[in-house]
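Q: Take this sequence and fold it.
(chains A, B and C)
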Amino acid sequence: MKNMDLSYYPGCTLKTKAKNFEDSAIASMAVLGVNLVELPRWNCCGTVYSLAEDDLIHHVAAVRTLVRVKERGNGRVATLCSFCYNTLKRADLLMRNDPEKRNTLNSFMDEEIDYNGEVEVLHLLQVLRDDLGWEAISRKVKTPLTDLKVAPYYGCTLLRPQEAAIDVVERPTVLQELLQLLGAKVIDFPFSTECCGSFQIINRPDFITERSQAILGLAQRQGAEAMVLSCPLCSFNLGRAQNELIQRDSSFQSMPIIYFTQLLALSLGIDPEICGFDLNFGEPRSLLESKGLIT
Amino acid sequence: MRVVISPQKLHGDFVRKVVEVSGQNLNLCYQCGKCSAGCPMSFAMDLLPNQIMRLVQLGLEEDIANSKTVWLCASCLTCTARCPKGVDLSRVMETLRLLTLRKNKDYVELSKLSPETIAELPQIALVSGFRKLTS
Amino acid sequence: MNRIGVFICHCSLSPLPPAASKQVVGNIGSHPSVVYAAIHQEMCLDPGLEQITRVVEQHHLDAVVLTTCSPSVHAGTFRQSMSSAGLVDHQVEIVDLKAKGTRNTTGDIETSAEGLIDLINASVDRLRRNDFSRTTESPVIKRALVIGGGVAGLQSALDIAEGGYEVVVVEKTPSIGGHMLQYSEVFPTLDCPQCIMTPKMVEVSQHPAITLLTYAEVQQVRGVPGNFEVDILQKARKVDHHKCTGCGTCWQKCPEKVSSEFDVGVTTRTAIYIPFPQAVPSKPVIDTEHCRYTRYLQFLEEKGEGKKPPQCRICEKLCPTEAIDWDQQPEILTEKFGAIVLATGFELMPLEQVPEYSEDPDVINGIQFERILAPGGPTSGVVFRPSDGKTPREVAFISCVGSRDPERGVPYCSRVCCMYLAKQAMLYKHAVPDGEAYVFYIDTRSTGKGYEEFIQRAIEEGVMYLRGKVSRVFRDGEKLIIWGVDTLSGHRVEVACDLVVLGMAIVPTPGIKDLAEKLGILTDEAGFITESHPKLRPVETLVPGIYVAGTAQGPKDIPDSVAQASGAAAKVLTLFSKNKILVEEPAVG
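A: Below you'll find the predicted structure:
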């Protein structure tokens, strides 16, 4: 049976620092019957969604991306990076709900076709949960992640604001459900929706270290061996200061920070080399080896 | 020193600008403090988010300028998600930053970042950081 | 009638914009039988009424069409006034300005000129044809129905019965008493509510003029004010209360354990049960959803697979008077009443609506904590926490959970939480003297008699009041971590507690909207019963003869519920002082 095509928007970081995220995603989705087809001529979405009422210029990058999807003709695009997801989703909602701003942006981008909210912006977790369904995925699991104790970490951009949320804001379950069907032991700890500090990393990395300590510390205290997430910025923020955290507190052990698609790929029996565990913070290889999941 | 509360302050340029750019009705906030209680960056802030909101309501521009709070906001939207009155505080915070940034003042200097740091940081951090904290 | 006067009422609250009023006057005035058509200011006030009377006299009008924003409130006054001016009954047409209105963007009702012209034309036609009387005399049946057996319902019932009339009290749970019986002590006196309520309950059950129908619900209402016909569903108790002596053998021996509604899940009850020891009637009902014999019968009926469940029937075997009646069916009783008092009470908003405060056995609502504190409760007042039964050493009380929250809860204030959380904090400290109690508040509302002093007493006794709304509650091992804020000192605060009590919003009893529809009365956006006039007629509804008392009308404390109940009873007695009343027939438009 031929695979189904789905437009895929990578965003900048997935091509470099988070290449493992992309590679593991494309490989897993192929096994699950979906071809992630990269959007041609895509540009950076702008990372953040501007929160000012009068700041339309900063929406242009995101809207242009949506135009690219519209041009392809199949009206749906999936993202991996949750930050990109959030920005594209909110830009789409803006174009759907605000006629005045829609007109202004369309007129400004006069060299592009008009965009009127024709595209459905999806995060890959939505595709897994809603398009494929947990049943179908669990049938393809070859290597259950037995005894791997993981804490799901959503961060902010998958769940806030409400209009863009892929799950119930205060009690999301999509990552837990996915990890459970992959055979892992899910540690549902209370800080899975607490912000890692985001872009403040370029301003006060010391404060990001505090955030990292709080989040990773609680997860570890409640029994987690690794964090599973969906955002390269969260991954960097949480992972970067591990050495310092170990120095501060001898009881703290390094916490592998893993993208959900890497675990998905691993459980689907995909070659760990493709999963790209060397790029992750916290040395996931040793943890996964100790569980007998990779050799 | 007593702070003078007057129509000039309450309805002056500063307040009008904040309302215009944030799109928020400042009167909705009844200072319950839930935003501050849940803010992940407030551990580092000198003034709490609800205090910043209060200062905006009172038109006390200088107190806000003297505080680092708005520059530590991570736009995580937790405050917005939990506010019982539907105030989008993250938009107010962004507006307060923009009022400075739009005067062509950067909060973070690119030149101050070492080459090692720049090499280490993922693009997403650089782009979002500069979007939020520079002009 | 050939000399008809049409009066278009206008005031600042008019649903008709001034230009539309002028249009109506212009149009109607050209009708051949209409000799006077004008806009009048504030017709419902004395000067307005006097002016209409003068016009009637000066223009020798033989019939009038009076428009009003609220026929139920003003029709009576208008007719009385016109009667003094010599115009009676069929010579007076009353038109509802809002009858053909639509809601505009701000939520107010607006009427168009065309809509009103239609209505007035119909009225003018009827007047010209010397049509039948617009009001009829209806007999008043001097029996009252009280729906709801809580403190308000019982107070109303007793007042009406003492006034000399028969009352039927319908209560949907197996016992009367309501929420008040669940409390440990009531503010500000710290009286025992069971001690003050149970005598009332017994009085009601033994009063010769009062018939108590528990485990029953109102199904349908027909008829007109003064003459309502009500279908009451008596649910099947499966126990014959004529034979039952209330000895208690059955519920002591029943093997099935069900989460107790009265104890809000803190303990269990059995499938055959009375809800609490002082229940009135103190005879049990069988909860067939959880009864083992019912499960057995269902298994047989559905030809289930696997092992057959036990037949049980222990209650039947042990009952000394053979009172168990498995064949008992629900019954519909149809009764006539002249007046109905709605006293259906309240519920607390469910905890699921505030997920940021965690689903945890040690995060409970106020009534659950009352059961823990109650001297007659599951632990005789020894304070424990649900998860492990240990004594909590630090307890947090969170105000305004769901209330004052237009975004995710209800916009209104629930009025009693400030007081009962202070009370609970104090009672906790009395029970656990070295325990710490924190109250997280935004404002403190203590308006009743002795209330402010009560709050100050709590603070002086060492209850720690922290001003700010809590953002999150989550579990970390043995403790519940609270992220709050003290806006007064400008600090975020973190407290590690053993137990968290939430002051959940007060919401109307579920099912009230349906009941209100059956009665033909309105509920507001929150679901509370709408009064006839929010300031001046707080116990009457839009249908004469139907009254409201207690928290069914809005959140309030016990003294206010009792006062309102007596007020409603007084209105019933007033109605019953007449043998007939005039019933306004609605203008058809």
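Q: Can you report how many residues lie near the closest residue to chain C within chain B?
A: Proximity of chain B to chain C (Cβ to the nearest Cβ) peaks at residue B:38, 2.8 Å away. C-betas here are computed from N, CA, C, even on glycine. Each residue near residue B:38 was counted by other Cβ atoms under 10 Å in any protein chain shown, and the total is 26.
Q: my read: it touches residue B:79, true?
A: Yes. Proximity of residue B:38 to residue B:79 meets the contact threshold set by Cβ atoms under 8 Å, at 6.8 Å.
Q: Once you drop chain neighbours, what's closest to the residue of chain B closest to chain C?
A: Using Cβ to Cβ, 6 or more residues apart in numbering or on different chains and skipping residues adjacent in sequence, the residue nearest residue B:38 is residue C:471, 2.8 Å away.
Q: How many residues are close by the one you found?
A: The local packing of residue C:471 (other Cβ under 10 Å) involves 25 other residues.
Q: What separation is there between it and residue B:26?
A: Distance of residue C:471 to residue B:26, computed by Cβ to Cβ, to the nearest Å: 21 Å.
Q: Can you tell me the element residue B:79 falls in?
A: Using DSSP states H and E, residue B:79 maps to helix B:78-82.
Q: Show me what that helix packs onto, helices and strands only.
A: helix B:34-38, helix B:89-101 (3 or more Cβ pairs under 8 Å, 6 or more residues apart in numbering or on different chains; DSSP states H and E).
Q: how about the ones you listed in JSON lines, adding distance to residue A:2 and mean pLDDT?
A: Output for the helices and strands packed on helix B:78-82, formatted as JSON lines (distance: least, Cβ to Cβ, whole Å; pLDDT from 0 to 100):
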{"stretch": "helix B:34-38", "distance to residue A:2": "48", "mean pLDDT": "96"}
{"stretch": "helix B:89-101", "distance to residue A:2": "45", "mean pLDDT": "97"}
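Q: ranking those by burial, who's on top?
A: helix B:34-38 (a mean of 29; mean count of other Cβ atoms under 10 Å in any protein chain shown).
Q: Following the chain past that helix, name the next helix or strand.
A: Sequence order places helix B:49-58 as the next helix or strand after helix B:34-38, per DSSP H and E.
Q: by contact count, what packs against that following helix?
A: Contacts defined by 3+ Cβ pairs under 8 Å, 6+ apart place helix B:49-58 against helix B:34-38, helix B:61-65, helix B:69-72, helix B:89-101.
Q: which residues touch the one helix or strand in chain A whose mean pLDDT sits lowest?
A: Confidence across the helices and strands of chain A bottoms out at helix A:242-248, with a mean of 89, counting by mean pLDDT, DSSP states H and E. The contact list for helix A:242-248, computed with Cβ atoms under 8 Å, 6 or more residues apart in numbering or on different chains, reads A:209, A:212, A:213, A:216, A:217, A:252, A:253, A:254, A:255, A:281, A:282.
Q: at 7 Å what do you get?
A: Helix A:242-248 is contacted by residues A:209, A:212, A:213, A:216, A:252, A:254, A:255, A:281, A:282 when judged by Cβ atoms under 7 Å, 6 or more residues apart in numbering or on different chains.
Q: what pairs with the helix or strand just after it, and is each one parallel or antiparallel?
A: Heading C-terminal from helix A:242-248, the first helix or strand you meet, by DSSP H and E, is strand A:257-259. Using DSSP bridges, the strands paired with strand A:257-259 are strand A:226-229 (parallel).
Q: list the buried ones in the following helix or strand past the partner strand?
A: For strand A:226-229, the following helix or strand on the C-terminal side (DSSP H and E) is helix A:232-240. Within helix A:232-240, the residues that count as buried by 16 or more other Cβ atoms under 10 Å in any protein chain shown are A:232, A:233, A:234, A:235, A:236, A:237, A:238, A:239, A:240.
Q: can I see the domain layout of chain A?
A: Using automatic domain parsing, the domain ranges for chain A come out as A:4-125, A:143-290.
Q: Likewise for chain B?
A: Annotated domains of chain B cover B:7-103, B:108-135 [automatic domain parsing].
Q: Any buried residues in the shortest one, and which?
A: Residues of domain B:108-135 classed as buried by neighbour count (16+ other Cβ under 10 Å): B:108, B:121-133.
Q: Kindly report the same for stretch C:489-508.
A: Of all the residues in stretch C:489-508, those buried under the rule 16+ other Cβ under 10 Å are C:492-493, C:495, C:497-508.
Q: one step back: within reach of chain B, which of the buried residues of helix A:232-240 are there?
A: A:232, A:233, A:236 (Cβ under 7 Å from any Cβ of the partner chain).
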